[in-house]
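In: Can you look at this prediction? I've put the sequence above it.
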Amino acid sequence: MPAAPVVEALDLVKTYPGGRGRPDVRALDGLTLSIPGGTVHGLLGPNGAGKSTTTRVLTTLARATSGVARVGGRDVVRDADAVRRSIGYVSQGTGADPLLSPRENLVMAARFRGLSRAASSDRAAALVDRFGLAEAADRGAGKLSGGTRRKLDVALGLVGTPQVLFLDEPTTGLDPEARAAMWAEIRRLAGEDALTVVLTTHYLEEADRLADGITIVDRGRVVAFGSPDALKATLEGDTLTVDLVEPTPDLVRSAVASITALRDVVVHVEGPTGRLVARTADGPAVVGPVIAALQAAGVRHGAVAVSRPSLDDVYLRHAGRSWTSADVASREVAR
Ligand SMILES: Nc1ncnc2c1ncn2[C@@H]1O[C@H](COP(=O)(O)OP(=O)(O)OP(=O)(O)O)[C@@H](O)[C@H]1O
């Protein structure tokens, strides 16, 4: 029997007033999700999809207009205090006081949680050790590198020894090295500490590498749910691309006709420079026959590549638009 979900939401709706005569914003439009314990779960969606609103409802920071949400089996509205005690929440901005050192920040957070002075100091020491913050522990938090500051944020989220840790875009703004270090840290947390980690991200690669399960959110609704591999497996087929060199239309047409005759291959030619794109169940198996067909027709070719379906393809299939759409791109530029 599958384990009971640790985080669940049923038909959540959240509307924000539009203001100045504008229509209300339906940030969540009947969102339902279920996250098993001890896993890393990615809430994935483009800018404005409703990820932060979902997290805010689940962490008791916002109240849904309708619907039900439970964390650790407790209702986020009726049992809000107990839910708060059982979770850690790391928001997009840093929660650390820049004027205090990492250690002081951790001690203060533990004191806020009601721990004694001695217990707070022990908890801070354990987290400094756990996150490799010893070198920076007594420096001002404002002077830390982006990666170290983000580690401190996550450590702050763990002060209360939570059952579920919510991370809102944990690696946005980090360089690739710091991002990889954070991914390793998050995996370790879920693996060693049996913690459930719920992270929001708009990085497909992050969700792919890190998450055991993914909920893809778009316009306030769930459009796909599953493990990254299972989601990709629903998109049968590989893509074979072959760059054509100075293609002659007649020769290409003849090559395309023979490739179309191959079993299970759908082929077209795109772009002004001519790139042959073939969709097929088993990409590597058709490389030989496709190249042979091009050569037989007298079409010269350059690079050949086979790619498996990506989360990008999954998103395109379920949301009906490409991930690399302008809103995501503009957000990246704005950062
Ligand atoms: N306080 C608010 N008042 C009005 N509209 C809001 C408010 N907060 C969010 N929204 C709107 O609700 C929708 C969902 O926003 P939300 O922040 O949950 O999305 P998101 O997926 O987390 O996006 P991001 O990646 O930008 O954080 C957006 O249209 C947003 O503009």
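Out: Received, thanks. Numbers count the residues shown, from 1 in each chain.

In: Contact residues of the stretch 151-300 of the chain facing the ligand?
Out: When proximity is defined by C-beta under 6 Å from any ligand atom, the stretch 151-300 of the chain lies next to the ligand at residue 202. Placement of C-beta: from N, CA and C, glycine included.

In: all strands of the stretch 151-300 of the chain, in order?
Out: 164-168, 196-201, 213-218, 221-226, 238-245, 265-270, 275-280, 300-307 (DSSP state E, counting those that start in this stretch).

In: And stretch 86-97, what's buried?
Out: Of the residues in stretch 86-97, 86-91, 94, 96 count as buried by neighbour count, 16 or more other C-beta atoms under 10 Å.

In: Quickly check: it near the ligand or not.
Out: No: counting by C-beta under 6 Å from any ligand atom, the ligand has no neighbours in stretch 86-97; the shortest distance is 7.0 Å.

In: Contacts made by that stretch with the rest, please.
Out: Contacts to stretch 86-97, defined as C-beta atoms under 8 Å, 6 or more residues apart in numbering, come from residues 52, 55, 59, 61, 71-72, 74, 102, 104-105, 108, 141, 149-150, 152-154, 156-160, 162-170, 172.

In: Next, format the strands of the stretch 151-300 of the chain as JSON lines and append mean pLDDT.
Out: Supplementary listing: the strands of the stretch 151-300 of the chain in JSON lines, determined by pLDDT from 0 to 100:
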{"stretch": "strand 164-168", "mean pLDDT": "93"}
{"stretch": "strand 196-201", "mean pLDDT": "92"}
{"stretch": "strand 213-218", "mean pLDDT": "92"}
{"stretch": "strand 221-226", "mean pLDDT": "92"}
{"stretch": "strand 238-245", "mean pLDDT": "91"}
{"stretch": "strand 265-270", "mean pLDDT": "84"}
{"stretch": "strand 275-280", "mean pLDDT": "87"}
{"stretch": "strand 300-307", "mean pLDDT": "93"}
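
In: measure the closest residue to residue 218 other than its chain neighbours to residue 169 for me?
Out: Spatially, and ignoring its direct neighbours in sequence, residue 218 is nearest to residue 319 (4.3 Å; C-beta to C-beta, 6 or more residues apart in numbering). Noted for residue 319: a distance of 19 Å to residue 169, by C-beta to C-beta, to the nearest Å.
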